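# structure of the sequence below:
(one chain, ligands or ions: 1)
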Amino acid sequence: MTIQWFPGHMAKARREAKEKLKLIDVVIELVDARIPLSSRNPVIDELAKGKPRLVLLNKADLADPNHTKAWMSYFENLGNAVLQIDAQKGTGVKSISQEVQKLAKPLTDKMRAKGMNPRAIRALILGIPNVGKSTIINRLAGKKIAKIGDKPGITKAQQWIKVGKQMELLDTPGILWPKFEDQAVGYRLALTGAIKEEILDFQEMSVFLLRFLKDHYPERLKERYQLTLIPEDVIELFEEIGKKRGCLMSGGIVDYDRVAEILFREFRSGTMGRISLETPSTK
Ligand SMILES: Nc1nc2c(ncn2[C@@H]2O[C@H](COP(=O)(O)OP(=O)(O)OP(=O)(O)O)[C@@H](O)[C@H]2O)c(=O)[nH]1
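Residues are numbered from 1 along each chain as shown. Prediction:
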């Protein structure tokens, strides 16, 4: 789904998320493991305030495993539970319910102390577009999708999915807007598919990517595009790749648009290998 985020849409998303959060014990915040900070909604801390939180680093299959490890510690140090997952294949998804239970332990303990039988813990998935919310919901729902139906006194419109015996998940995620304020963040979001690529200049985006790869994954670049040396100048590098890939127009001039498209597609699809565009120390 592609959403153009105008102020009215952002206000509506915030209102809806706040409404949903009233019903929720544990927040599941979904981010892209390749860009965990850039893919966070800018007001998530304010929205989820006071609720225990499980951060899911999704699309971990596309991210650099070493960086993902560093990101796990980063989010743990902020006081969250964290899991890395690949919702497409289902890796790590089974642990979600367990983590949610752990986070809700103070609540279940309280219910027991009052002599009550603890009810199922209610969770909500929140995240920016395209981060994998629906994929996870479908995974968690599995084949035995059990809609619990309306709960009197709680809500009429909301449907809940039963995940095991002890967790209930709201079947519609909270879709939140991405960050806009920073150009580098914009490039990272566009490269990973969170915002419409048409909004940004393809060539500019690819130059951003090449600059990043040159600094952080030079060997990968050499290998993929069969380069013996990586030119210092990023435009020269762009042209080298164009020549290697036969992206030439008449007169032997490099077709920049085609090179940009190749770089973009090969990054997006994971053909370049597992690459993270952000580490906890990225500014
Ligand atoms: N490689 C990989 N792809 C994934 C993973 N999770 C989701 N995807 C893909 O990412 C794309 C977006 O997934 P969705 O589940 O539709 O994302 P969403 O957050 O519900 O998107 P919106 O409806 O736009 O808010 C789809 O093409 C999924 O197949 C993952 O862990 N790894």
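
# which of the residues in stretch 124-138 are buried?
124-137 (16 or more other C-beta atoms under 10 Å). C-beta here means a position set from N, CA and C on the backbone, and glycine is covered the same way.

# check the residues you listed against the ligand, which are close?
Among those, proximity to the ligand is found for 127, 129-135 (C-beta under 6 Å from any ligand atom).

# those residues in strands, which ones?
Secondary structure assignment by DSSP state E places residue 127 of these in strands.

# kindly indicate which of the ones next to the ligand among the buried residues of stretch 124-138 lies nearest residue 277.
residue 131 (14.2 Å; C-beta to C-beta).

# now the closest one. Nearest residue, chain neighbours left out?
Using C-beta to C-beta, 6 or more residues apart in numbering and skipping the chain neighbours, the partner closest in space to residue 131 is residue 30 (4.9 Å).

# now the element after the helix or strand hosting the one you found, going C-ward?
Taking DSSP states H and E as the definition, residue 30 sits inside strand 26-32. Using DSSP H and E, the helix or strand that follows strand 26-32 towards the C-terminus is helix 44-47.

# ok, and for that following helix, which residues are buried?
Within helix 44-47, the residues that count as buried by 16+ other C-beta under 10 Å are 44, 47.

# swap in stretch 222-234?
Residues 224-225, 230, 234 are the ones in stretch 222-234 that count as buried (16+ other C-beta under 10 Å).

# ok now it, how far from the chain's centre?
Stretch 222-234 sits 30 Å away from the centroid of its parent chain (C-alpha atoms, centre = their mean, to the nearest Å).

# what does the stretch 1-150 of the chain have sitting close to the ligand?
For the stretch 1-150 of the chain, the residues in contact with the ligand (C-beta under 6 Å from any ligand atom) are 1, 58-59, 61-62, 86-88, 127, 129-135.

# let's go with 5 Å and repeat that
Counting by C-beta under 5 Å from any ligand atom, the stretch 1-150 of the chain comes close to the ligand at 1, 58-59, 61, 86-88, 129-135.

# so where's the protein uncertain?
Low-confidence segments of the chain (pLDDT under 70): 1-3, 143-157, 197-199.

# and the helices in it?
Along the chain, the segments classed as helices by DSSP state H run 7-21, 44-47, 65-77, 95-103, 105-113, 133-141, 183-192, 202-216, 218-225, 234-244, 256-268.

# looking at those helices, which is nearest to residue 166?
helix 95-103 (5.7 Å).

# which strands and helices lie in contact with the closest one?
Packing partners of helix 95-103 (3 or more C-beta pairs under 8 Å, 6 or more residues apart in numbering; DSSP states H and E): strand 26-32, strand 53-58, strand 81-84, strand 121-127, helix 133-141, strand 167-170.

# quick check: beta-bridge partners of the closest residue to the ligand within the stretch 151-283 of the chain?
Using C-beta to the nearest ligand atom, the single residue of the stretch 151-283 of the chain nearest to the ligand is residue 175, 4.7 Å away. For residue 175, the beta-bridge partners are residue 127 (DSSP bridges).

# could you measure from it over to residue 63?
Residue 175 sits 22 Å away from residue 63 when distances are taken as C-beta to C-beta, to the nearest Å.

# between these two, who's got more neighbours?
More crowded of residue 175 and residue 63, by other C-beta atoms under 10 Å: residue 63, with 26 against 21.

# that one is in contact with residue 278, isn't it?
No: with contact defined as C-beta atoms under 8 Å, residue 63 does not count as touching residue 278 (9.5 Å).
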